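# Only the shape, not the letters, is given here:
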Ligand SMILES: Cc1cc2nc3c(=O)[nH]c(=O)nc-3n(C[C@H](O)[C@H](O)[C@H](O)COP(=O)(O)OP(=O)(O)OC[C@H]3O[C@@H](n4cnc5c(N)ncnc54)[C@H](O)[C@@H]3O)c2cc1C
C-alpha cells in the first residue's frame, strides 16, 4: 500500500541530504496554494548539496520516474507535483551566498523576502519584485516573475546574470548570456522543463529611499486604461499597476502608481497627476518607505488569513492581452462574470506593459508594443461547486483570450493540452522541443505542466 517501497533505494548512492518516504512529508508535497490538484509523490528529497539533486535526477531519469522542484508551493495547478516520482524540496536550499555592489548570489530556494533582507541594509534591491515576497527565486524564475516595475525592467527573468542548473540528465552547468547560452535561454521561464535551478545570480540596483503611492479611482475600464496608457507613454510611473475589485458587489476601477524618490525630495503631485481623468476626490496618496512599499502585499495576506480565504482554493486565471484589444476583451469578459466569480476579496488585475522591456525568450507575449495583464485573482469559498464553476470559467475563457490574440501566463489554474502548449509557444515551439530532447531526453522533469 505504500508505493514508496517500490523505489529501489539500495541502488541510490549515499546522499548529503535526505530522501524522505514519510507519508506526512509526501502529503505536504502533494498539495499547493491552488488546492485544486493533488498528486502524491513517491518520495521527497531534501537536498544537502547540488550533487544530491544531480544524483537523484539522474537516478530517476534512468528508472523512468519523474522529478520536480518545489520552491514555496505557491503555484495553483499542481505544477510542482509528481505522482510517479520525486519532489525536490528547495526550501532548505535558500542560502544567501554573496551580496556584491550590483548583484546577489542565492540558492534557488531563497525567497524574495530573504533576498531583500540581505540587500536592503546595503540600500540595494532587485529591480523587479513580485507583489508577494514569499515566492522562491527558483519558482519565480521558472515562470517569469512580473511586478509593478516590469514596464521598465522586464520580468524577474530579465534581471538574472547567471544560473547554476541541473539538467534532466543530472548534469550540473553554469549558464549565462556568455556561457551555455542555449540553456540560459530555455531555463528562464522554461517551466522547469529542461533543468532545475539550484543557484541564481540576480542583478541589483540602488533601492529608492521612498515610494509615493497614488491610488486613483475611475468610473470604468476605458478611463482607467486611457490613463494607464498615458502614464506608460509619459514614463511618469516607476510602478504601474491597476485592478478592478468589487468590495460592495459592484466593480470599482483603480489605478496604482508609485513614484520613487529620495528622502526630502518629494514628487510634485500636480505634475505627476497632470492630465489624468480620475475621480480626484477619491484619490488616496501615501508616502511610504521603500520597505513599506515592497511589503505592501503582507497586509492583504494577513486579511485573507483572517477570513480563511488564504487557505481555500485559488483557481487563478492569468493572461496577457494585446494592447490593440485589451479594453474591449477585458470589458467583454467582465460583463459575463459576476464579482462573486473572483470571491469576496478577489480582484481582477489589469495594467499595461511595454513588450520591449521583456527579453526572456520563453516568456510568451501577445503581438504589439503594449500588452495588458488581465488576471482573475480568485479566492474561492469552501464551496467545492464554486471552485468547479471557476475552473469551468477558466476553460471557457481560453478560446476567447486566444481569439483576441492573448496568451495565458502559465501560472494559471488551467490544464493546457500538449497541442495547446505548442500553440502557446508558437514560433518558439521548435526551440522548446529540441531543448527538451537535448537537456531532458527521458522527459523526467516537471511533469505538472503536461507540456510533453
Ligand atoms: C499570493 C501569490 C502572489 C503572486 N504574485 C505574483 C506576482 O506578483 N508576479 C508573478 O509573476 N507571479 C506571482 N505569483 C505566481 C508565482 O510567481 C508562481 O506561482 C511561482 O511559480 C511560485 O513560486 P514558488 O516558489 O511558490 O513555486 P512552486 O509552486 O514551488 O513551483 C512553481 C513551479 O516552478 C517549478 N520550480 C520551483 N523551483 C524550481 C527550481 N529551483 N528550478 C526549476 N523549477 C522550479 C516547480 O516545479 C513548479 O513547476 C503569485 C502567486 C501567489 C500564490
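Cool, the structure landed. These numbers come from a predicted model, not from an experiment.

# which residues sit against the lengthiest helix in the chain?
Secondary structure assigned by DSSP state H gives helix 384-403 as the longest helix of the chain. Helix 384-403 is contacted from outside by 36, 313, 315, 317, 319, 321, 329, 332-333, 337, 340-341, 374, 376, 378, 380, 407-408, 412-414, 420, 423, using Cβ atoms under 8 Å, 6 or more residues apart in numbering. All C-beta atoms are positioned from the backbone trio N, CA, C, and that covers glycine.

# model confidence over it, on average?
Mean pLDDT, helix 384-403: 95.

# Could you list the buried residues of it?
386, 387, 390, 391, 393, 394, 397, 398, 401, 402 (16 or more other Cβ atoms under 10 Å).

# And the strands in the stretch 351-452 of the chain?
All strands of the stretch 351-452 of the chain, identified by DSSP state E, counting those that start in this stretch, fall at 370-377, 407-408.

# Partner strands of the shortest one and their direction?
Looking at strand 407-408 with DSSP bridges, its partner strands are strand 317-322 (antiparallel).

# Quick one: residues contacting the closest residue to residue 339 other than its chain neighbours.
Leaving out its chain neighbours, the residue that sits closest to residue 339 by Cβ to Cβ, 6 or more residues apart in numbering is residue 246, at 3.3 Å. By Cβ under 8 Å, 6+ apart, the contact list for residue 246 reads 252, 339, 342.

# coming back round to it: please identify the deepest-packed of the strands of the stretch 351-452 of the chain.
Greatest average neighbour count among the strands of the stretch 351-452 of the chain goes to strand 370-377 (a mean of 23), per mean count of other Cβ atoms under 10 Å.

# follow-up on the earlier one: from the contacts of helix 384-403, list the buried ones, please.
Of the contacts of helix 384-403, these count as buried by 16+ other Cβ under 10 Å: 36, 313, 315, 317, 319, 321, 329, 333, 340-341, 374, 376, 378, 380, 407-408, 412-414.

# Stretch 324-333: how far from the chain's middle?
23 Å (Cα atoms, centre = their mean, to the nearest Å).

# how near is residue 240 to the ligand?
Counting by Cβ to the nearest ligand atom, to the nearest Å, the separation of residue 240 from the ligand is 13 Å.

# who's in contact with that residue?
Going by Cβ under 8 Å, 6+ apart, the list of residues near residue 240 reads 148, 151, 228, 231, 232, 255, 256, 257, 258, 351, 352.

# Specify the beta-bridge partners of it.
Bridge pairing for residue 240 - DSSP bridges - gives residue 257.

# Need the per-residue pLDDT for the nearest residue to residue 70 once chain neighbours are set aside.
Counting by Cβ to Cβ, 6+ apart, residue 70 lies nearest to residue 80, which is 4.1 Å off, once chain neighbours are set aside. Listed pLDDT for residue 80 reads 97.

# can you check the one 10 residues further on too?
Here the pLDDT value assigned to residue 90 is 98.

# do the same with the one 4 residues further on
Reading off the confidence values, residue 94 has pLDDT 96.

# can you list the residues that contact stretch 142-150?
So stretch 142-150 is contacted by 69, 127-131, 155-157, 187, 189-192, 197, 238-241, 256, 258, 353, 357-358, 360, 363, 373, 409-411, 446 (Cβ under 8 Å, 6+ apart).

# let's see 6 Å
128-130, 155-157, 189, 191-192, 239, 241, 353, 363, 410-411 (Cβ atoms under 6 Å, 6 or more residues apart in numbering).

# Check stretch 439-452 too.
The contact list for stretch 439-452 (Cβ under 6 Å, 6+ apart) reads 60-61, 66-68, 78-79, 81, 167-168, 191-195, 421.

# Who are the contact partners of the closest residue to the ligand within the stretch 301-450 of the chain?
The ligand sits closest to residue 411 of the stretch 301-450 of the chain, with a gap of 4.2 Å, by Cβ to the nearest ligand atom. By Cβ under 6 Å, 6+ apart, the residues touching residue 411 are 143, 318.

# could you redo the last one with a cut-off of 8 Å?
75, 76, 79, 143, 316, 318.

# residues from the stretch 301-450 of the chain in reach of the ligand?
411, 446, 448 (Cβ under 6 Å from any ligand atom).
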